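Structure of the sequence below:
(one chain, ligands or ions: 1)
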Amino acid sequence: NDRMDEHGDSRALEALQRYFGYESFRPGQAGIVNALLNGRDVLGVMPTGAGKSICYQIPATILPGISLVVSPLISLMQDQVDALNDVGIPALFVNGMQTPDQQDFALSMAANGQAKLLYVAPERLETQRFQNFASHTPISMVAVDEAHCVSQWGQDFRSSYLGIGEFIAKLPTRPAVAAFTATATERVRRDIISILGLANPSITVTGFDRPNLYFDILKLDTKNKTPWIARYVADHPNESGIVYCATRKETEALAASLNHTVPVLLGPQAETGRVAVAYHGGMSPEVREQAQRDFVNDRVPVVVATNAFGMGIDKSNVRYVIHHNMPESIEAYYQEAGRAGRDGEPSRCTLLWNESDIVTRRRLLDNDYENARLTPEEQEVVRVSKRHLLDGMVGYCRTTECLHTYMTRYFGERSAADAGVCDGGCANCGRAFETVDVTDMARAISMCVHDVQQKVGVGKIVKILRGSKSQDLAVWHPETMATYGMLGSVSEAQVRDVLNQMVADGFLCISEGRLPLVGFGVRAAETVSPQFHYEMKRVKRRVPSRAVSGQGGLDG
Ligand code: ADP
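Just a heads-up that it's a prediction; the model follows:
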């Protein structure tokens, strides 16, 4: 192809510069654009904000005829279409917010070649009016946004997405199809390919690494994380931050407590405005919108929120995101933490966790599953996939490797971080670990699981090993067990830590019932071998590196 140079198709680069004023494509964009220009299907896995719109908008300007963009976000269509028209790319939309007359008008304009892009909601494709249009108008490309909505195993399944594949199959000429998602799960990606009927798609994963974000994980051995957060907020008085909590109640309590403690930490000279507002789905819309406005307009520096906060909120100068609890998946964490540093300036994402978060998350997961209106078989699939997601999250908390690398690898992207170029941009790359021999502890835990015949949960195992006199152990007559009190001098947190590590390494397993019990894993037998040796990595000390100068700023 004589129009290709090392940047791909030169027409694409010209269009990028002419319409959008950008000098070059971001990594991954050019590949997608070129595949589409060559009529090939693509699956683009990229997070919001990575620049996927350009991946289909540029080809749409070059390909003959019209391109369809299927998007579930009806409220954003008007803005997207306006933005395209502003830069000189003719675009239209049809959706249910228009009157039938307006819809007809838009479709006849499109049929007359008055637009290069036509945005539609998936429900529209099934209407007779739209199918008439599609059978008479040459369509060169169909771009499907939020493509994971086709999968029942994704976060937001929409039945209207199931018709897209058939719609495409019925078109007189098969267009190139581009599907975009930010999901990492294999299962969802496979569903996208099969349900949309992508033909040998070129798969591109890109845009997940955020080099300006400093990732930190802190394991706190206390359930009360408020003092740490108050200290952090007080040490960063002029910065905007989001603190994510798991429950509505927690957001209210933490916001109140920050408003109380932070001014005290700051001392009498400091200005005493409000420090934090709560934000969650249970508040009235007026109160919630007020909280959001106060935060976005810098009238209050901190918002303490549930995951209800963030969708469609555009605040580029968020300097830190703190997670008060472990989220349910890396996807959720990435999305929430990723609201920091949209302006490209150094920002910090701190995940606070402790071992009991794992227990809480497992319990929530089982409750979820009980409420779901699915067949037992479907429930099982959902539960297994959610456990899998949670394992990924726990793995992130426990890993001693580079956090940028962990994250990008999780999403399937190879990136600079993979090549070891994190450059002190995460806690693990600035942290020294020491290896601790925990062989005896692991043996004791394994023996204890045997003593109770794999019939109790983590809490009771820990109690027996530490010699607790708790009444709820009585039925087991723990005083008759060799392991009773065997780890009496070890802290509860340490025993839990080793036990959880043994689960992660396959020596133990947690049964998947309503009351999770500790059982033996596939490698259990190794613990009784005389050669058994077990080590754990622990944080030794924190060494200064970029952005980790004590509790100080981020000006590294
Ligand atoms: P997405 O659709 O993936 O959420 P957008 O397409 O809205 O992301 O892009 C996010 C931002 O990045 C936009 O401001 C966009 O103009 C910008 N952008 C996209 N591609 C490039 C590029 N090659 N060079 C510079 N900026 C870009």
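
For the stretch 201-350 of the chain, just list every one of the helices.
Taking DSSP state H, counting those that start in this stretch, the helices of the stretch 201-350 of the chain run over residues 226-235, 248-266, 285-296, 330-337.

Give me the buried stretch members for the first one, please.
Using 16 or more other CB atoms under 10 Å as the burial criterion, the residues of helix 226-235 that qualify are 226, 228-230, 232-234. Using the backbone N, CA and C atoms, a C-beta is placed for each residue, glycine as well.

ok now it, how far from the chain's centre?
25 Å (CA atoms, centre = their mean, to the nearest Å).

same thing with stretch 227-243?
23 Å.

again with stretch 260-268
The chain centre lies 34 Å from the centre of stretch 260-268; the measure is CA atoms, centre = their mean.

Could you check the pLDDT of the residue nearest to the spatial centre of the chain?
Geometric centre of the chain, nearest residue: E331, 2.0 Å, by CA atoms, centre = their mean. pLDDT, E331: 91.

which one is it nearest to, not counting chain neighbours?
Nearest residue to E331, sequence neighbours excluded (CB to CB, 6 or more residues apart in numbering): A184, at 6.2 Å.

Residue in the stretch 201-350 of the chain with the shortest distance to the ligand?
Across the stretch 201-350 of the chain, the shortest distance to the ligand (CB to the nearest ligand atom) belongs to G207, at 7.3 Å.

Next up, the contacts around N500.
When contacts are counted by CB atoms under 8 Å, 6 or more residues apart in numbering, N500 touches 355, 358, 394, 398, 458.

Now for the residues you listed: which two are most distant?
R398 and V458 (15.6 Å; CB to CB).

Looking at those two, which has the bigger crowd around it?
Between R398 and V458, counted using other CB atoms under 10 Å, the more crowded position is V458 (23 against 17).

Would you quantify the distance from that one to A121?
Distance, V458 to A121, using CB to CB, to the nearest Å: 47 Å.

Next: S257.
43 Å.

Check G165 too.
According to CB to CB, G165 stands 16 Å off from A121.

Give me the below-cutoff pLDDT ranges for the stretch 1-150 of the chain.
Across the stretch 1-150 of the chain, the ranges flagged by pLDDT under 70 are 1-8.

Can you pull the residues of it lying near the ligand?
By CB under 6 Å from any ligand atom, the part of the stretch 1-150 of the chain that sits against the ligand consists of 22, 25-26, 29, 46, 48-54.

so can I have a markdown table of the residues you listed showing neighbour count and secondary structure?
Below are these laid out as a markdown table (neighbours: other CB atoms under 10 Å; DSSP: H, G, I helix; E, B strand; the rest coil):
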| residue | neighbour count | secondary structure |
| --- | --- | --- |
| Y22 | 13 | coil |
| F25 | 21 | coil |
| R26 | 14 | coil |
| Q29 | 25 | helix |
| M46 | 23 | coil |
| T48 | 13 | coil |
| G49 | 12 | coil |
| A50 | 22 | coil |
| G51 | 18 | coil |
| K52 | 25 | helix |
| S53 | 16 | helix |
| I54 | 20 | helix |
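
Looking at the residues you listed, spot the one nearest P90.
S53 (15.8 Å).

ok, now which ones touch the closest one?
Neighbouring residues of S53 by CB under 8 Å, 6+ apart: Q80.

re earlier: ok, the residue nearest to the centre of the chain - contacts?
155, 182-184, 389.

In strands, which of those appear?
Of these, none are assigned to strands by DSSP state E.

got a markdown table for these, with neighbour count, distance to C245 and pLDDT too?
Shown next, in a markdown table, are those (neighbours: other CB atoms under 10 Å; distance: CB to CB, whole Å; pLDDT from 0 to 100):
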| residue | neighbour count | distance to C245 | pLDDT |
| --- | --- | --- | --- |
| Q155 | 15 | 20 | 68 |
| A182 | 22 | 23 | 90 |
| T183 | 21 | 24 | 87 |
| A184 | 22 | 24 | 81 |
| L389 | 20 | 20 | 88 |
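
For those, work out which two are farthest apart.
So for the contacts of E331, where distance means CB to CB, the most widely separated pair is A182 and L389, at 13.8 Å.

quick one on the thing from earlier: check contacts around the closest residue to the residue of the stretch 201-350 of the chain closest to the ligand other than its chain neighbours.
The shortest distance from G207 to any non-neighbouring residue, by CB to CB, 6+ apart, is to A50 (2.7 Å). Contacts for A50 were tallied using CB under 8 Å, 6+ apart; they are 26, 28, 206-208.

and those residues as JSON lines, adding distance to I74?
Supplementary listing: these in JSON lines, determined by distance: CB to CB, whole Å:
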{"residue": "R26", "distance to I74": "27"}
{"residue": "G28", "distance to I74": "28"}
{"residue": "T206", "distance to I74": "27"}
{"residue": "G207", "distance to I74": "25"}
{"residue": "F208", "distance to I74": "27"}
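
can you count the residues close to N325?
19.

what's the closest of the contacts of E331 to the ligand?
A182 (8.5 Å).

Could you list which residues are in contact with the closest one?
Here A182 is in contact with 45-48, 148, 331, 335 (criterion: CB under 8 Å, 6+ apart).

One more: R288?
Shown in contact with R288 (CB under 8 Å, 6+ apart): 279-280.

Find me the pLDDT at it, would you?
Per-residue confidence (pLDDT) for R288: 92.

One more: P211?
So P211 comes in at 88 (pLDDT).

Apart from its neighbours in sequence, what residue is nearest it?
Residue nearest to P211 in three dimensions, not counting chain neighbours: G425, with 6.3 Å by CB to CB, 6+ apart.

The one you found: how many residues sit nearby?
Count around G425 with other CB under 10 Å applied: 25.

roughly how far apart are it and W476?
Shown here: G425 relative to W476, a distance of 48 Å by CB to CB.

same deal with F208?
For F208 relative to W476 (CB to CB), the value is 47 Å.

With neighbour numbers in mind, choose between the two.
Shown here are F208 and W476; by other CB under 10 Å, F208 has more neighbours (23 against 18).

For burial, what's the neighbour tally of E380?
E380, neighbours per other CB under 10 Å, totals 13.

of the contacts of A50, closest to K537?
Set against K537, the nearest of the contacts of A50 by CB to CB is F208 (25.2 Å).

so how far is S470 from the closest one?
In terms of CB to CB, F208 sits 46 Å off from S470.

And I330, by the same measure?
In this view, I330 and S470 are 36 Å apart by CB to CB.

the more surrounded of those two?
Using other CB under 10 Å as the criterion, I330 and S470 rank with I330 on top: 21 against 12.

so what's the more buried one up against?
Here I330 is in contact with 184, 389, 392-393, 396, 407, 410-411 (CB under 8 Å, 6+ apart).

Separate out the buried members of those.
Buried among the contacts of I330 (16+ other CB under 10 Å): 184, 389, 392-393, 396, 407, 410-411.

so which of those comes closest to the ligand?
F411 (13.9 Å).

ok, the closest one touching T181?
No. Between F411 and T181 there is no contact under CB atoms under 8 Å: 10.7 Å.

so the residue of the stretch 201-350 of the chain closest to the ligand touches I54, yeah?
No. With contact defined as CB under 8 Å, G207 does not reach I54; the gap is 11.5 Å.

Grab the longest helix from the protein for me.
Taking DSSP state H as the criterion, the chain has its longest helix at helix 376-398.

Please export the C-alpha coordinates of it as PDB.
The C-alpha atoms that make up helix 376-398 are tabulated as PDB, following Å, rounded to 0.1, in the frame of the first residue of the first chain:
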ATOM      1  CA  PRO A 376     -28.400 -22.100  39.900                       C
ATOM      2  CA  GLU A 377     -26.100 -22.800  37.000                       C
ATOM      3  CA  GLU A 378     -25.900 -19.100  36.100                       C
ATOM      4  CA  GLN A 379     -25.400 -18.200  39.700                       C
ATOM      5  CA  GLU A 380     -22.400 -20.500  39.800                       C
ATOM      6  CA  VAL A 381     -20.800 -18.800  36.800                       C
ATOM      7  CA  VAL A 382     -21.400 -15.300  38.200                       C
ATOM      8  CA  ARG A 383     -19.900 -16.400  41.600                       C
ATOM      9  CA  VAL A 384     -16.900 -18.000  40.100                       C
ATOM     10  CA  SER A 385     -16.200 -15.000  37.900                       C
ATOM     11  CA  LYS A 386     -16.600 -12.600  40.800                       C
ATOM     12  CA  ARG A 387     -14.300 -14.600  43.000                       C
ATOM     13  CA  HIS A 388     -11.800 -14.500  40.100                       C
ATOM     14  CA  LEU A 389     -12.100 -10.700  40.000                       C
ATOM     15  CA  LEU A 390     -11.600 -10.500  43.800                       C
ATOM     16  CA  ASP A 391      -8.600 -12.800  43.600                       C
ATOM     17  CA  GLY A 392      -7.100 -10.300  41.200                       C
ATOM     18  CA  MET A 393      -7.700  -7.500  43.700                       C
ATOM     19  CA  VAL A 394      -6.300  -9.400  46.600                       C
ATOM     20  CA  GLY A 395      -3.300 -10.200  44.400                       C
ATOM     21  CA  TYR A 396      -2.700  -6.500  43.900                       C
ATOM     22  CA  CYS A 397      -2.700  -5.900  47.600                       C
ATOM     23  CA  ARG A 398      -0.200  -8.700  48.200                       C
END
